[in-house]
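Participant: below are the sequence and a predicted model; questions follow.
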Amino acid sequence: MASIPPQWRTEASETNRILYMLRELAASVSKTIRYMVQTIDAYSDSNFNEVQTLYNKTREAKEEADAEKASILNEIASISGYVELKASLLELIRAVHKVVDFAEGAAARVALLSTRKLECCRSLADKMKDIGECLIACAEELKIAIMDTTVNINNVSSHVQQILKLERKVDQLYREASILLVDQENVDIRAYILLLDVLTMMEETCDAIENAAENIHFYAIERT
């Protein structure tokens, strides 16, 4: 880690250990996002038999992330002193983990849609696929940004900027998808409510990634 004053050496060692654990959490977050997107894609293609299997994988990936978060929190709790550092790391860990809550929620609602064989129009399905591709890209950028906090902290900013760019694209796709949902004719009210939830949670997943990225950026600035 660059430019660490002598009195921070022990703190830096503790921090690096936690950041390496955070890399594992980020990998589980990325995995959760991928399975969530695959769940939505299977629904969009009316492959209802595959949806529950993929949703179960989404849940398993989230459970991995839950366990990794718990391990990191225990590690932070074991550090003596460094109150400001611990507060900064806690905020960062929680921001990264929050992503999987929204992702699992979106996949759960798609599973309900699939169980009831409630379809959506092709144009809306395509738009959800577009959002999914952006979410996967965002999650990968987040994972790399976290890796760079222990490899090349000066590169963190470029990954964060890419996430912000993707987030703006997701916002636009979300607006377009919402209009398509409203314009659907003879849509089942149950499908409408669940699809609106899916779109909202996909957009909130991206917002959570953006928030996590900003936390990482602020942390990187503090540590250089």
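Facilitator: It's in.

Participant: following the helix or strand where residue 34 lies, which helix or strand comes up?
Facilitator: Assigned by DSSP states H and E, residue 34 belongs to helix 9-44. Per DSSP H and E, helix 9-44 leads on to helix 48-78 as the next helix or strand towards the C-terminus.

Participant: that next one vs helix 9-44, what angle?
Facilitator: Interaxial angle, helix 48-78 versus helix 9-44 (axes from the mean of the first three to the mean of the last three Cα atoms, to 10 degrees): 170 degrees.

Participant: what is the helix holding residue 34 packed up against?
Facilitator: Contact here means 3 or more Cβ pairs under 8 Å, 6 or more residues apart in numbering; DSSP states H and E; on that basis helix 9-44 packs against helix 48-78, helix 83-115, helix 122-151, helix 189-223. Just so you know, the C-beta spots here come from the backbone N, C-alpha and C atoms, and that holds for glycine as well.

Participant: save those helices as JSON lines, and put in mean neighbour count and distance to residue 180 too.
Facilitator: Below are those laid out as JSON lines (neighbours: other Cβ atoms under 10 Å; distance: least, Cβ to Cβ, whole Å):
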{"stretch": "helix 48-78", "mean neighbour count": "17", "distance to residue 180": "21"}
{"stretch": "helix 83-115", "mean neighbour count": "21", "distance to residue 180": "16"}
{"stretch": "helix 122-151", "mean neighbour count": "20", "distance to residue 180": "4"}
{"stretch": "helix 189-223", "mean neighbour count": "20", "distance to residue 180": "10"}
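
Participant: so for residue 174, which of the ones you listed sits nearest?
Facilitator: helix 189-223 (4.4 Å; Cβ to Cβ).

Participant: any idea of the angle the closest one forms with helix 83-115?
Facilitator: 160 degrees.

Participant: chain center to helix 189-223: distance?
Facilitator: With Cα atoms, centre = their mean, to the nearest Å as the basis, helix 189-223 stands 7 Å off its chain's centre.

Participant: rewinding a little: let's have the helices and strands packed on helix 9-44 in a markdown table, adding mean pLDDT and distance to residue 181.
Facilitator: Below are the helices and strands packed on helix 9-44 laid out as a markdown table (pLDDT from 0 to 100; distance: least, Cβ to Cβ, whole Å):
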| stretch | mean pLDDT | distance to residue 181 |
| --- | --- | --- |
| helix 48-78 | 95 | 19 |
| helix 83-115 | 92 | 13 |
| helix 122-151 | 94 | 6 |
| helix 189-223 | 93 | 6 |
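
Participant: so which residue is dead centre in the protein?
Facilitator: Nearest to the geometric centre of the chain sits residue 99, at 3.6 Å (Cα atoms, centre = their mean).

Participant: which one is that one nearest to, not counting chain neighbours?
Facilitator: Nearest residue to residue 99 in three dimensions, chain neighbours excluded: residue 208, at 4.4 Å (Cβ to Cβ, 6 or more residues apart in numbering).
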